[in-house]
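**Q** A predicted structure for the sequence below; I have some questions about it.
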Amino acid sequence: MVLAVFLGQFANADDRPNILFIFSDDHAPHAIGAYDGWLKSVDPTPSIDALAAQGIVFRNSFCTNSICGPSRAVIQTGKHSHKNGFMNNGNSFDWNQQTFPKLLRKAGYTTAIYGKSHLKGEPQGYDDWKVLPGQGLYYNPDMITPEGRKRIEGHCTDVVTDLAVQWLKQGREQDKPFMLMVQHKAPHRNWMPALRHLNLYADQDLPEPNTLFDKWHDNAPPARYQELEIDRHMHLNFDLFVDLVPGFDGNALQGRYDKSAWRNMQRMTPTQLKRWREHYKPLDDAFHAANLTADSLVRWKYQRYAKNYLRCVRGVDESVGTLMETLEDLGLSDNTVVIYSSDQGFYIGDHGWYDKRWMYDESLKMPLIVKWPGVTKPGTDNNALVQNLDYAETFLDIANAEIPADMQGASLVPFLKGESPDSWRESIYYHYYEYPSVHMVPRHYGVRTQRYKLMRFYQFDEWEFYDLQNDPDELTNQYNNPDYADEIAKMKRELERLRTQYDDDSDVAVLTEERQAELRP
Ligand code: CA
């Protein structure tokens, strides 16, 4: 009897695992050391790599729709874009629908979100929240909070980390397990690193991707009609903060940057701006003096872009380190599942591009690293085809909460335990919708297996098929190669099967020839 009373008291302390979900924006797996991409040699992510060494790295982790808001909506709901209603960044998320944070809260978790929501409207399902309006700003960002809008001084990555640390220390209900979402803006365009990272990589050239000068000769036409080339579309001023007027004298900054670049820079304090300019002025002067053209100009832009991108990544990496230390200091480490992921991949000069959107692997892939002490075996790899569609189900499963039948993914917990589920998907479904829009990547849907990928740009009725084993960079469309006819027919059947399974009957009409010609002058 006495024992039962004691046990009863202990049972009141809920020992279900805590969930710390660290999520960044546009962080491609190939910019993470643990993913062994072509940037590994510059050691971009020591803290994330340390997390990976203690947990499991999902090597075939994909999004369903490669763009910021939609990826987040899929994670909230465990449903594809056409089911959760957030198909492109112009949509507004219906917060009244079922989301995993609401379900976790109902199951007894205390929840919070800090940073980029990108779903518009006030977040629901959280005991506390502070989110950036829209994309938010890198320096001294405004945050929308339950008490209204507040400006917080500092670099956005640090601001978000500080809010999370503060909640872990003091904000959360201590007798409940927690689910904390730390959602960084970095390394999203336009890439403004913290001042302490400006000198990172200053004295070295970053390696270039093999496909920096790809001209998409053997891809279907959409690859040639996009607007995301470092060469033709990346702005020296807006994207790279190059002073447009040579010989800058340190005064009257505003006229020297275009409006959009200035919108970001004017948020800096005078001290921050001074340090920023001290760093870039000599570099900008040297750039103007060199008078670069053609390939050497592309190479220069790539270096400035990729360095600033990786500097923003380093801020996120330090945040991961800080959060891990905080868990340790608070004695929470052993019972907290830590997840690192980002909303999609990104082109870091791959194919000559920046940005995302395509179903090509560089932007289709998402990093996914999970450490669950006592459950995940340190340093393991997983090659199953997993998606952000699975996150909500996984979080609910970790919390031992019920997974609603209308969610469309599946829990990854068996993989975390080192098990191989009897049946797991052999293909993933993808659908991108935002067109015509910035960067001009046409709508497409497709299917990917471990080896093959079939994509259809349906508005133009154009198809692509890739053999990823023989052509991992997806340089040669094999759709018209008779050697692949059987495989292509199989993939078409699989695509239709997936569209039926996920109940995707969204509009996939071919545009009139007149409209097609307007879009591709
Ligand atoms: Ca993104």
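**A** Now that the structure is in, tell me what you want to look at. All figures in this text were calculated on a predicted structure; none of them were measured in a lab.
**Q** give me the domain ranges for the protein.
**A** As given by automatic domain parsing, the domain ranges for the chain are 2-191+311-414, 198-208+224-304, 429-519.
**Q** for the longest one, what is the average pLDDT?
**A** Per-region confidence: domain 2-191+311-414 scores 95 on mean pLDDT.
**Q** that one and the ion in contact?
**A** Yes: under the criterion of C-beta under 5 Å from the ion, the ion is reached by domain 2-191+311-414 at Asp25, Asp26, Cys68, Asp343. Where you see a C-beta, it was placed from the backbone N, CA and C, and this is true even at glycine.
**Q** which ones among those are found in strands?
**A** Nothing among the residues of domain 2-191+311-414 next to the ion maps onto strands, per DSSP state E.
**Q** need those residues in TSV (columns: distance to Pro133 and neighbour count).
**A** Output for the residues of domain 2-191+311-414 next to the ion, formatted as TSV (distance: C-beta to C-beta, whole Å; neighbours: other C-beta atoms under 10 Å):
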residue	distance to Pro133	neighbour count
Asp25	15	25
Asp26	18	29
Cys68	14	20
Asp343	18	28
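**Q** please enumerate the strands of the stretch 301-450 of the chain.
**A** Using DSSP state E, counting those that start in this stretch, the strands assigned to the stretch 301-450 of the chain run over residues 336-342, 368-371, 380-382, 386-387, 428-432, 444-448.
**Q** turn those into JSON lines, columns for mean neighbour count.
**A** Shown next, in JSON lines, are those (neighbours: other C-beta atoms under 10 Å):
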{"stretch": "strand 336-342", "mean neighbour count": "25"}
{"stretch": "strand 368-371", "mean neighbour count": "26"}
{"stretch": "strand 380-382", "mean neighbour count": "15"}
{"stretch": "strand 386-387", "mean neighbour count": "26"}
{"stretch": "strand 428-432", "mean neighbour count": "24"}
{"stretch": "strand 444-448", "mean neighbour count": "24"}
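**Q** verify the stated contact: Thr99 with Leu119.
**A** No: assessed by C-beta atoms under 8 Å, Thr99 is found out of contact with Leu119, at 9.8 Å.
**Q** joint contacts of the two?
**A** Gln76 (C-beta atoms under 8 Å, 6 or more residues apart in numbering).
**Q** so what does the biggest helix by length in the chain touch, helix or strand wise?
**A** When the chain is scanned for its longest helix (criterion: DSSP state H), the result is helix 294-329. For helix 294-329, the packing partners by 3 or more C-beta pairs under 8 Å, 6 or more residues apart in numbering; DSSP states H and E come out as strand 18-24, helix 46-53, helix 156-166, helix 270-290, strand 336-342.
**Q** what about 7 Å?
**A** For helix 294-329, the helices and strands in contact under the criterion 3 or more C-beta pairs under 7 Å, 6 or more residues apart in numbering; DSSP states H and E are strand 18-24, helix 46-53, helix 156-166, strand 336-342.
**Q** go through those and name the closest to Gln226.
**A** Ranking those by proximity to Gln226 (C-beta to C-beta) places strand 336-342 first, at 21.6 Å.
**Q** figure out how far that closest one is from the centre of its chain.
**A** 13 Å (C-alpha atoms, centre = their mean, to the nearest Å).
**Q** closest one to Asp203 among the helices and strands packed on helix 294-329?
**A** helix 46-53 (18.7 Å).
**Q** mind listing what's buried along that closest one?
**A** Ser47, Ile48, Asp49, Ala50, Leu51, Ala52 (16 or more other C-beta atoms under 10 Å).
**Q** surely Leu368 is in contact with Ser61?
**A** Yes: using C-beta atoms under 7 Å, Leu368 makes contact with Ser61 at a distance of 3.9 Å.
**Q** before we move on, the earlier item: just the domains of the chain: most buried one?
**A** Of all the domains of the chain, domain 2-191+311-414 has the most neighbours on average by mean count of other C-beta atoms under 10 Å, namely a mean of 21.
**Q** doesn't Glu464 belong to a helix?
**A** No: Glu464: not assigned to a helix; according to DSSP: H, G, I helix; E, B strand; the rest coil it is strand.
**Q** identify the bridge partners of it.
**A** Taking DSSP bridges as the rule, Glu464 bridges to Met455.
**Q** chain neighbours aside, what residue packs nearest to whichever residue of the stretch 101-250 of the chain sits closest to the ion?
**A** Nearest residue of the stretch 101-250 of the chain to the ion: His188, at 5.9 Å (C-beta to the ion). Excluding the flanking residues, the one nearest His188 by C-beta to C-beta, 6 or more residues apart in numbering is Asp25, at 4.2 Å.
**Q** in contact with Tyr433, which residues?
**A** Asn65, Ser81, Met87, Asn88, Arg443 (C-beta atoms under 7 Å, 6 or more residues apart in numbering).
**Q** let's see that with 8 Å instead.
**A** Applying C-beta under 8 Å, 6+ apart, the residues contacting Tyr433 are Asn65, Pro70, Ser81, Met87, Asn88, Arg443, Ser506.
**Q** for the nearest residue to the last one once chain neighbours are set aside, helix, strand, or coil?
**A** Right, Ser506. Closest residue in space to Ser506, ignoring its immediate chain neighbours: His82 at 4.6 Å, by C-beta to C-beta, 6+ apart. Following three-state DSSP, His82 is assigned to helix.
**Q** now swap in Ile113 and tell me
**A** What three-state DSSP gives for Ile113 is strand.
**Q** kindly state the beta-bridge partners for it.
**A** Residues in beta-bridge contact with Ile113 (DSSP bridges): Trp129, Met181.
**Q** hmm, it is touching Gln124, no?
**A** No: taking contacts as C-beta under 8 Å, Ile113 lies outside contact range of Gln124: 10.3 Å.
**Q** what is in contact with those two at once?
**A** What both Ile113 and Gln124 touch, as defined by C-beta under 8 Å, 6+ apart, is the set Pro101.
**Q** nearest residue to the closest residue to the ion within the stretch 301-450 of the chain in space, ignoring adjacent ones along the chain?
**A** Residue of the stretch 301-450 of the chain nearest the ion, by C-beta to the ion: Asp343 (4.1 Å). Once flanking residues are discounted, Asp343 sits nearest to Ser71: 3.8 Å by C-beta to C-beta, 6+ apart.
**Q** so what's that neighbour up against?
**A** Ser71 touches Cys63, Thr64, Asn65, Asp343, Gln344, Met366, Asn388, counting by C-beta under 8 Å, 6+ apart.
**Q** quick one, strands of the stretch 51-200 of the chain?
**A** 56-58, 61-62, 110-116, 128-132, 142-145, 148-151, 178-183.
**Q** roughly how far does the residue nearest to Asn91 when sequence neighbours are not counted sit from Arg451?
**A** Once flanking residues are discounted, Asn91 sits nearest to Gly85: 6.6 Å by C-beta to C-beta, 6+ apart. Counting by C-beta to C-beta, to the nearest Å, the gap from Gly85 to Arg451 is 33 Å.
**Q** go on, Asp461?
**A** From Asp461 to Arg451 the distance is 25 Å (C-beta to C-beta).
**Q** next one: Ala489
**A** 15 Å.
**Q** which residues touch the residue in the chain that the ion sits nearest to?
**A** Nearest residue of the chain to the ion (C-beta to the ion) works out as Cys68 at 3.5 Å. By C-beta under 8 Å, 6+ apart, the contact set of Cys68 is Asp25, Asp26, Asn89, Lys116, His118, Gln135, His188, Asp343, Gln344.
**Q** hang on, isn't Arg149 packed against Val131?
**A** No: contact between Arg149 and Val131 fails when scored by C-beta under 8 Å: they sit 10.6 Å apart.
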